[in-house]
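# no FASTA, just this:
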């Protein structure tokens, strides 16, 4: 399984290409530097959530699209285990 960082990097590039955008256009739309987009796509940098939101908006997708399984991201199943001491 890929690390989360690599998965996000891969998804940014995949979504950009699927929209027919080059890195410069994505950079302009998101307000980021083209060199930063390159670093993100190559897995050299990890974007903050606020940066992912800018990129998602520029691509016309939700932030959840950057994660391996967007459906489970939107509807996470969280198990809570409580140990009570008596």
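Sure thing, it's come through. Since the model is a prediction, treat every value here as computed from it, not as a measurement.

# Run through the protein and note the low-pLDDT ranges.
Judged by pLDDT under 70, the chain has its weakly predicted residues at 1-2, 68-86.

# Does residue 60 touch residue 19 like I think?
Yes - with the criterion set as CB atoms under 8 Å, residue 60 and residue 19 qualify as a contacting pair; they are 7.2 Å apart. (C-beta placed from N, C-alpha, C; glycine too.)

# neighbour-wise, which of the two wins?
Neighbours per residue, other CB atoms under 10 Å: of residue 60 and residue 19, the larger number sits with residue 19, 14 against 10.

# can you pull the contacts of the more buried one?
Listed by CB atoms under 8 Å, 6 or more residues apart in numbering, the contact partners of residue 19 are 59, 60.

# Repeat that for residue 12.
37, 40, 41, 55, 66 are the contacts of residue 12 under CB under 8 Å, 6+ apart.

# Can you point out the helix or strand that includes the second one?
The one in question is residue 40. In the assignment (DSSP states H and E), residue 40 maps to helix 34-41.

# who does the very next helix or strand once past that helix touch, helix- and strand-wise?
Tracing the chain past helix 34-41, the next element assigned as helix or strand by DSSP H and E is helix 49-59. Packing partners of helix 49-59 (3 or more CB pairs under 8 Å, 6 or more residues apart in numbering; DSSP states H and E): helix 4-18, helix 23-30.

# These: which one's closest to residue 47?
Residue 47 lies closest, by CB to CB, to one member of the helices and strands packed on helix 49-59: helix 4-18, at 7.1 Å.

# now the closest one: how far from the chain's centre is it?
7 Å (CA atoms, centre = their mean, to the nearest Å).
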